[in-house]
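Student: Using only what follows, build the 3D model:
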Amino acid sequence: MRRLYLRIYFAVLASLAAFALAAGFMWRSFGDFGPASHAGELAAQFAQNILPETNAPTSEQQAALEKLARNLRADASLFSADLSRLASVGGEMPAPEDGEEGAGWVRRGSGRPVWTLHLPDGRWLVARAIREPPERRHPAWRLFFMLAVIALAVGVGAYPVVRRLTRRLENLQRGVESLGAGDLSARVKVEGRDEIARLGESFNRAAARIEELVGAHKLLLANASHELRTPLTRIRMGVEMMKEQADPRRKAELEQDIAELDQLIDEILLASRLDALNAGEAREEVDLLALAAEECARYEQCTLDGDSVTLRGEPRLLRRMVRNLLENARRHGAPPIEVSVRRVEGEAELRVRDAGPGVPEAEREKVFEPFYRYAGSSSVGAGLGLALVRRIARRHGGEVRAVADGFRVTLSAG
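Tutor: Residues are numbered from 1 along each chain as shown. I've put the predicted structure just below:
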């Protein structure tokens, strides 16, 4: 989302730049380069026309200044171009300082401000009102008013952009609420090509993935119920036959069917519980080599070698993972079964090999799907055994892969 922040940042900068340009234009219109400067020039020209010439006698200039000060009701002083005082009415005004130009208000010391006016002929007229004029609204209020209008215009212009952005966020919120309410087909309309659009695309992908997972779960239950019917039918037929004769072979087959059914039910229950259990629940230190040795002892022609590797995990789940791999090798491979445990680059590696033909390379990912059967086989990959192995491995920060001679599991040993 960093690009969105940059866009907002540059939008703010652009708004401030527009505001600054507008303020500069207003200042130019009402400030020193605008009508105020022309007003000062006009006042200086009028004052020069009222006052006598520069070389007029001092008495004449004094009389003219008295008349002007009386009309203005102000104290005033007239200075020559070299800042020598030519005439003065009322309190003497301070002479202009070097560097002053044009016309404007000047405050010297703690006194009231004085108005200095530079006449075209070089003389200076400095005046100050005898009493404080009645408070009037400063002309700058027009500038403030114009700036307020510009700020309002910027806000109005930005509203459609912001509203379009927030409207798409609201649509995204409604999509999330619909998905949370159980509508797995909820999607949002993707508009534009910015970050919000990419967020909408991400939501649609996530919603599609959730819908796919829920569908797969439903399919899992449907397939499980179908798989359960086969051993149940065989059990029912076996029971009917045992009524007539107690054949030991039939009894053994019946016991095997019951065990198969019991294991399948146990795997389904475990698969459903894995979704509800927290990933860090019941974690403890587990010696993977010792755990594999205990499981290998349950099978004939099963050898074990390797190093002692300790990791934090859930012993019951890790035991089930090893048992499912050994059971898969027993059913679908050929003896001997070889198990090895190693520490490889900071990870625990468990390998289970057998002398069977192995899984075809094109089917090595699909065998981890629940109840998957590849062409030419009636049992390899069927059931939940390998699917549970992958889920348990990922739950422990690892992964499982089918290789040419068996399976390779890596687990986080941190």
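Student: helix, strand or coil for Phe407?
Tutor: Here Phe407 is recorded as strand under DSSP: H, G, I helix; E, B strand; the rest coil.
Student: Who is it paired with across the strands?
Tutor: Beta-bridge partners recorded for Phe407 (DSSP bridges): Val352, Ala402.
Student: got the contact list for Asp305?
Tutor: Asp305 sits next to 338-340 when contact means C-beta atoms under 8 Å, 6 or more residues apart in numbering. In short, each C-beta sits where N, CA and C put it, glycine included.
Student: how does it look with 10 Å?
Tutor: Applying C-beta atoms under 10 Å, 6 or more residues apart in numbering, we find Asp305 in contact with 289, 338-342.
Student: Weed out the non-buried ones from these.
Tutor: 289, 338-341 (16 or more other C-beta atoms under 10 Å).
Student: And the furthest pair within those residues?
Tutor: Within the buried ones among the contacts of Asp305, two members stand farthest from each other by C-beta to C-beta: Leu289 and Glu338, at 14.0 Å.
Student: Give me the common contacts of the two.
Tutor: Common contact partners of Leu289 and Glu338 (C-beta under 10 Å, 6+ apart): 304-305.
Student: re the thing from before, redo the buried ones among the contacts of Asp305 as CSV? Include distance to Arg85, secondary structure and pLDDT.
Tutor: Formatted as CSV, these follow (distance: C-beta to C-beta, whole Å; DSSP: H, G, I helix; E, B strand; the rest coil; pLDDT from 0 to 100):
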residue, distance to Arg85, secondary structure, pLDDT
Leu289, 110, helix, 94
Glu338, 117, strand, 94
Val339, 114, strand, 95
Ser340, 111, strand, 95
Val341, 108, strand, 95
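Student: from the residues you listed, which is closest to Asp266?
Tutor: Among these, and counting by C-beta to C-beta, the member closest to Asp266 is Val339, at 22.3 Å.
Student: buried ones in stretch 263-273?
Tutor: Neighbour count says stretch 263-273 has 263-264, 267-268, 270-271 buried, by 16+ other C-beta under 10 Å.
Student: need these in TSV with secondary structure, pLDDT and distance to Arg394, can you?
Tutor: Below are the buried residues of stretch 263-273 laid out as TSV (DSSP: H, G, I helix; E, B strand; the rest coil; pLDDT from 0 to 100; distance: C-beta to C-beta, whole Å):
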residue	secondary structure	pLDDT	distance to Arg394
Gln263	helix	71	22
Leu264	helix	73	22
Glu267	helix	74	17
Ile268	helix	71	19
Leu270	helix	72	15
Ala271	helix	70	13
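Student: does Leu350 sit in a helix, a strand or a coil?
Tutor: Per three-state DSSP, Leu350 ends up strand.
Student: got a list of what the residue lying closest to it once chain neighbours are set aside touches?
Tutor: Spatial nearest neighbour of Leu350, chain neighbours left out: Val409 (4.3 Å); criterion: C-beta to C-beta, 6 or more residues apart in numbering. Val409 makes contacts with 288, 318, 321-322, 325, 341, 347-352, 389-390, 392-393, 396, 398-401, as judged by C-beta under 10 Å, 6+ apart.
Student: would Val322 count as being in a helix?
Tutor: Yes - residue state for Val322 (three-state DSSP) corresponds to a helix.
Student: Quick one: residues contacting it.
Tutor: 288, 291-296, 339, 341, 350, 352, 389, 392, 409.
Student: Same question for Val126.
Tutor: Contacts of Val126 (C-beta under 10 Å, 6+ apart): 74-79, 85, 88, 92-96, 106, 114-117.
Student: With Val149 instead?
Tutor: By C-beta under 10 Å, 6+ apart, the contact set of Val149 is Ala22.
Student: Relative to Leu21, how far out is it?
Tutor: 15 Å (C-beta to C-beta, to the nearest Å).
Student: Repeat that for Ala44.
Tutor: 31 Å.
Student: More neighbours: these two, which one.
Tutor: Ala44 (20 against 11; other C-beta atoms under 10 Å).
Student: Correct me if wrong: that one contacts Ile50.
Tutor: No - using C-beta atoms under 10 Å, Ala44 makes no contact with Ile50, being 11.0 Å away.
Student: Show me the common contact partners of these two, please.
Tutor: Counting by C-beta under 10 Å, 6+ apart, the shared contacts of Ala44 and Ile50 are Leu125.
Student: mind listing the helices for this structure?
Tutor: 2-30, 35-50, 58-72, 140-180, 195-242, 248-276, 288-296, 315-332, 385-395 (DSSP state H).
Student: Now those in a markdown table, please, with extra columns for distance to Trp124.
Tutor: Output for those, formatted as a markdown table (distance: least, C-beta to C-beta, whole Å):
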| stretch | distance to Trp124 |
| --- | --- |
| helix 2-30 | 25 |
| helix 35-50 | 10 |
| helix 58-72 | 12 |
| helix 140-180 | 26 |
| helix 195-242 | 63 |
| helix 248-276 | 92 |
| helix 288-296 | 99 |
| helix 315-332 | 98 |
| helix 385-395 | 90 |
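Student: Go through those and find the least confident stretch.
Tutor: Sorting the helices of the chain by mean pLDDT places helix 2-30 lowest, at a mean of 65.
Student: Quick one, which of the contacts of Val126 are buried?
Tutor: For these, a neighbour count by 16+ other C-beta under 10 Å gives the buried set as 74-79, 88, 93, 95-96, 114-117.
Student: closest to Met241 among those residues?
Tutor: Among those, and counting by C-beta to C-beta, the member closest to Met241 is Trp115, at 125.1 Å.
Student: Let me know the pLDDT of that closest one.
Tutor: pLDDT recorded at Trp115 is 76.
Student: Was I right to think it contacts Ala129?
Tutor: Yes - here Trp115 reaches Ala129: they are 8.6 Å apart, a contact under C-beta under 10 Å.
Student: for the stretch 301-414 of the chain, which spans come out with low pLDDT?
Tutor: The model of the stretch 301-414 of the chain has pLDDT under 70 over residues 374-383, 414.
Student: and if we set it to 90?
Tutor: Confidence mapping of the stretch 301-414 of the chain against pLDDT under 90 gives the ranges 301, 313-317, 327-335, 345-346, 355-385, 387-388, 391, 395-397, 404-405, 412-414.
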